[in-house]
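Colleague: no FASTA, just this:
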């Protein structure tokens, strides 16, 4: 029986060696049962509350559908998942794939285990969360921190009378406290958070994360109490339980939800005060003034302000600065520029470009430079030849393996026939049979892990691509908003990124296109073509395709760069 082992540990309770221990125990059990271990999957330092962000369990479920193993072996059911919905879903998928589940703690898993243990594991998670929050609340009421460390303070490491670590003690970091006072003084004096961040970066002062300061680190969110300007610990007051976190069942990510003010826990800690009340109140008054100035109704809705001031454009999120790698963002209605240079002051690229000029140059490059009939046809010819060669080689390998399996089956029959006629000893049958079975297992594993060969492509996709891009370009000029949006999304799918490099007179534009998307458009398929050759080579169309094919093998790259 082919067996796959799964192991997991969560960083809060265990260590990395736990994975090794789980694998070792499972291998011993498999050896005792006479099972053959063919795969091992693991998730390191990941909670068992959700399988969405666990690549190991995702791969396990995917491979079960391909017939790579007959049984899943784990230390306990809670190693696979503690979430009731997830464990039930995994069990159903394994049953559909005709794969059994077995754990060292529970034995073979049945519907009873899934229902009972799933409920117990879910209750364990809830009880653990409740105990954690009770402990945090107790620390806050004792004048200690209930969460992570804030900028301006150091963690005090000490032990209580029982020799256990005492958590939540803080002391003021004098150097960081002076930076906090500087930020508050500058903001109260009228400087913007952006200007303050740029000045701190210029002076080489590291941000709380150790990198560069950004205006959002300073501004934060007043409603949630985060950000330098909103941390009430600076005036000797700990506020805990402002918000709670709920895990999104679709993404597995935590989402913050505000708690009603009556649920907050507030504790005075005068020994941790960094600012006086006058400076704190001056900053709060300016924040309130700025909020009213940005919204006549007195409602601070930052998303709406940003939507009015920074409308999305065709290539939003795709433009990157060649100097620092940061994104380009709108700095006015017509211009876009390097957001790192503008917000942090750590990039020297101050050259901007008109949004309409960027869109025009990129669209023209996609229409004309990339679809030169001769050059693109040459590329398509080479791509088709190489892809078809790979397809035939892959198909030949599969055919060869299947033919050898049939030959092994015939040899096994011959061995039994020879033995029945006393033409060969039982020892010889066993020796030859073991070799045949080992080779048979290798071939079966090869066939189970081999993907279907990529489909044949036709050189005429060059003309198809040109016609499709021209059609999309014309649709962008349409009066129908729905058609314009659809055309824009398809065009965006052709582009991986747009790199903007400041030149002497104007910005140089390099468009890095996704070849999978380009070939998908050429073949008029819904999904991008598979990575037929798995190459990591980049082609530059500006130098002509001839240079691209001067390689020992015509390997196909995932990206294509053109100058706009």
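Modeller: Here it is on my side, so go on. It should be emphasised that the depicted structure is a prediction, and the values quoted were computed from it without experimental measurement.
Colleague: Residue 510 is in what secondary structure piece?
Modeller: With elements delineated by DSSP states H and E, residue 510 resides in strand 507-514, which encompasses its position.
Colleague: Check which helices and strands that strand sits against.
Modeller: Contacts of strand 507-514 with other secondary structure elements, assessed using 3 or more CB pairs under 8 Å, 6 or more residues apart in numbering; DSSP states H and E, are made with helix 355-364, strand 495-502, strand 559-563. (Glycine included, C-beta is placed from N, CA and C.)
Colleague: how about a markdown table for these, with distance to residue 206 and mean pLDDT added?
Modeller: Shown next, in a markdown table, are the helices and strands packed on strand 507-514 (distance: least, CB to CB, whole Å; pLDDT from 0 to 100):
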| stretch | distance to residue 206 | mean pLDDT |
| --- | --- | --- |
| helix 355-364 | 34 | 87 |
| strand 495-502 | 28 | 87 |
| strand 559-563 | 35 | 53 |
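Colleague: Mean neighbour count and distance to residue 349 for the ones you listed - can I get that in CSV?
Modeller: Rendered in CSV, the data for the helices and strands packed on strand 507-514 read as follows (neighbours: other CB atoms under 10 Å; distance: least, CB to CB, whole Å):
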stretch, mean neighbour count, distance to residue 349
helix 355-364, 17, 15
strand 495-502, 19, 5
strand 559-563, 18, 18
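Colleague: coming back round to it: the strand holding residue 510 pairs with which strands, parallel or anti?
Modeller: strand 495-502 (antiparallel), strand 559-563 (antiparallel) (DSSP bridges).
Colleague: and the chain, what are its domains?
Modeller: What the record gives for the chain is the domain set 2-128, 170-308, 311-382+458-564, 383-449, from automatic domain parsing.
Colleague: between those, which gets nearest to residue 150?
Modeller: For residue 150, the closest of the domains of the chain is domain 170-308, at 5.6 Å, according to CB to CB.
Colleague: can you pull out the strands in the stretch 201-350 of the chain?
Modeller: With DSSP state E, counting those that start in this stretch, the ranges of strands along the stretch 201-350 of the chain come out as 237-240, 243-247, 254-258, 265-268, 319-321, 328-330, 335-338.
Colleague: Save the ones you listed as CSV, and put in distance to residue 55 and mean pLDDT too.
Modeller: Compiled in CSV, these are given as follows (distance: least, CB to CB, whole Å; pLDDT from 0 to 100):
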stretch, distance to residue 55, mean pLDDT
strand 237-240, 34, 80
strand 243-247, 18, 69
strand 254-258, 19, 72
strand 265-268, 38, 81
strand 319-321, 27, 92
strand 328-330, 32, 88
strand 335-338, 34, 92
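Colleague: Go through those strands and name the closest to residue 109.
Modeller: It is, among the strands of the stretch 201-350 of the chain and with distance given as CB to CB, strand 243-247, at 24.5 Å.
Colleague: Mean pLDDT lowest where, among the domains of the chain?
Modeller: Per-segment mean pLDDT for those reaches its minimum on domain 311-382+458-564, at a mean of 68.
Colleague: Look up phi and psi at the closest residue in space to residue 446 that isn't next to it in sequence.
Modeller: The spatial neighbour of residue 446 that comes closest, neighbours along the chain excluded (CB to CB, 6 or more residues apart in numbering), is residue 401 at 5.6 Å. The main-chain torsion angles of residue 401 are listed as degrees, to the nearest 10 and equal phi -60, psi -40.
Colleague: one step back: quick one: closest of the domains of the chain to residue 164.
Modeller: Proximity to residue 164, assessed across these by CB to CB, is greatest for domain 2-128 (16.0 Å).
Colleague: now do the same end-to-end measure for stretch 475-487.
Modeller: From its first residue to its last, stretch 475-487 covers 6 Å (CA to CA, to the nearest Å).
Colleague: How about residues contacting it?
Modeller: Contacts made with stretch 475-487 from outside it, assessed by CB atoms under 8 Å, 6 or more residues apart in numbering, are listed as 314, 363, 472, 488, 491.
Colleague: Could you pull out the buried residues of the helix or strand that contains residue 63?
Modeller: With elements taken from DSSP H and E, the one containing residue 63 is helix 55-64. When neighbours are counted by 16 or more other CB atoms under 10 Å, the buried residues of helix 55-64 are found to be 56-57, 59-61, 63-64.
Colleague: Pull the number of nearby residues for residue 261.
Modeller: One way to gauge burial is a neighbour count; for residue 261, by other CB atoms under 10 Å, it gives 9.
Colleague: With residue 219 as the reference, measure out to it.
Modeller: Applying CB to CB, to the nearest Å, the value for residue 261 to residue 219 is 22 Å.
Colleague: go on, residue 2?
Modeller: Residue 2 sits 56 Å away from residue 219 when distances are taken as CB to CB.
Colleague: ditto for residue 93
Modeller: Residue 93 sits 46 Å away from residue 219, taking CB to CB as the criterion.
Colleague: cool, and residue 191?
Modeller: Using CB to CB, residue 191 is found at 12 Å from residue 219.
Colleague: So if I had to pick from those two, which one is more boxed in?
Modeller: Applying other CB under 10 Å to residue 191 and residue 219 shows that residue 219 carries more neighbours, namely 22 against 15.
Colleague: Please name the nearest non-neighbouring residue to that one.
Modeller: residue 193 (4.6 Å).
Colleague: quick one on the thing from earlier: can I get the domains of the chain in JSON lines including distance to residue 160?
Modeller: As requested, the domains of the chain are arranged in JSON lines below (distance: least, CB to CB, whole Å):
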{"stretch": "domain 2-128", "distance to residue 160": "20"}
{"stretch": "domain 170-308", "distance to residue 160": "16"}
{"stretch": "domain 311-382+458-564", "distance to residue 160": "43"}
{"stretch": "domain 383-449", "distance to residue 160": "54"}
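Colleague: where along the stretch 251-400 of the chain do the helices fall?
Modeller: Using DSSP state H, counting those that start in this stretch, the helices found in the stretch 251-400 of the chain span residues 277-294, 302-309, 339-343, 355-364, 373-420.
Colleague: Can you name every helix or strand that the helix holding residue 63 contacts?
Modeller: Secondary elements touching helix 55-64 (3+ CB pairs under 8 Å, 6+ apart): strand 2-8, strand 36-43, helix 84-96.
Colleague: Who are the packing partners of the longest one?
Modeller: Identification of packing neighbours for helix 84-96 by 3+ CB pairs under 8 Å, 6+ apart yields helix 55-64, helix 77-80, strand 100-103, helix 111-141.
Colleague: could you redo the last one with a cut-off of 7 Å?
Modeller: Under the contact criterion of 3 or more CB pairs under 7 Å, 6 or more residues apart in numbering; DSSP states H and E, helix 84-96 touches helix 55-64, helix 77-80, helix 111-141.
Colleague: Now that helix: buried residues?
Modeller: If you call a residue buried by 16+ other CB under 10 Å, then helix 84-96 has these buried ones: 84, 86-87, 90-91, 94.
Colleague: With stretch 324-334 instead?
Modeller: Burial within stretch 324-334, assessed by neighbour count using 16+ other CB under 10 Å, is assigned to 324, 326-331.
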